[in-house]
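Participant: Fold the following for me, if possible:
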Amino acid sequence: MTQDDGGAQSRTDGLPVEELPGGARAAIEAVLMVADEPVTALRLAEVLDVEVQRIRELLRELHNDYDLHHGFELRELAGGWRVYSKRDFAPVVSRFVLDGATSRLSQAALETLAVIAYRQPVSRARIAAIRGVNVDSVVRTLSLRGLVAEEGTDPTSGAMLYRTTNYFLERLGVDSVADLPQLSPHLPGLDDLEHYDDVQF
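Facilitator: Predicted structure coming up:
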């Protein structure tokens with residue numbers, strides 16, 4: 001970022017963003033089109049040198065406009081904003097992206113991911129105790145896919161802890177882990193998992 005004598009910061013080809021074709025609204029679209037993860041309103045405000053309240057207003061305008069006669073939409077997920085294809089077109093998009101192939105997680109990976117999602121931050125030993133099997137390779141797979149990440153170490157055992165990522169929230173279409181469905185009604189006894197906390201594997 002550069003600054004002129006008046007203290008204005010962001011410039012693109014010497015012009016303030018508002019003076020570019022389409023103004024700040026078009027600039028937001030340009031950024032969102034290349035974003036590989038949700039972008040916060042604050043980050044957009046910093047990049048475009050536009051008041052954050054103005055950015056929020058424009059994001060809402062875009063969200064409403066995209067809702068009409070478009071195959072894509074602007075969603076607020078995982079703390080930020082990103083352009084997505086509409087859910088109605090999921091079968092078409094899936095055929096295009098996968099072209100008959102599958103990238104689904106295995107049953108073991110799904111079970112491990114569920115344990116991490118509902119028990120995070122959690123160590124591999126505790127995940128293994130809950131599932132009853134070694135989970136090292138499965139956790140590595142989930143990490144490589146960007147669904148889980150390291151979250152410091154356990155103060156008692158020193159074991160590495162794992163949590164879910166913003167990408168995980170994005171794939172599920174929720175804003176935070178607090179929005180995950182409650183499993184207790186479907187899995188009686190889930191609350192008894194506390195007794196696994198001190199198990200070593």
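
Participant: for the chain, what helix or strand is lowest in average pLDDT?
Facilitator: helix 90-98 (a mean of 73; mean pLDDT, DSSP states H and E).

Participant: Domains of the protein: list them as residue ranges, please.
Facilitator: Domain ranges of the chain: 19-88, 107-179, per the TED database.

Participant: Go ahead and measure how far the longest one is from the middle of the chain.
Facilitator: On the basis of Cα atoms, centre = their mean, to the nearest Å, the separation between the geometric centre of domain 107-179 and that of its chain is 15 Å.

Participant: Quick one: end-to-end distance for that domain.
Facilitator: With Cα to Cα, to the nearest Å applied, domain 107-179 spans 23 Å between its terminal residues.

Participant: next structured bit after the least confident helix or strand of the chain?
Facilitator: Sequence-wise, the next helix or strand downstream of helix 90-98 (DSSP states H and E) is helix 107-119.

Participant: coming back round to it: tabulate the domains of the chain in CSV, adding columns for distance to Phe96 and mean neighbour count.
Facilitator: Backbone N, C-alpha and C define where each C-beta goes, glycine included. As requested, the domains of the chain are arranged in CSV below (distance: least, Cβ to Cβ, whole Å; neighbours: other Cβ atoms under 10 Å):
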stretch, distance to Phe96, mean neighbour count
domain 19-88, 10, 16
domain 107-179, 18, 17
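
Participant: would you turn the ones you listed into TSV with distance to Arg95?
Facilitator: Converted to TSV, these look like this (distance: least, Cβ to Cβ, whole Å):
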stretch	distance to Arg95
domain 19-88	12
domain 107-179	18
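
Participant: Redo those domains as CSV? Include mean pLDDT.
Facilitator: What follows is the domains of the chain, written out as CSV (pLDDT from 0 to 100):
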stretch, mean pLDDT
domain 19-88, 90
domain 107-179, 89
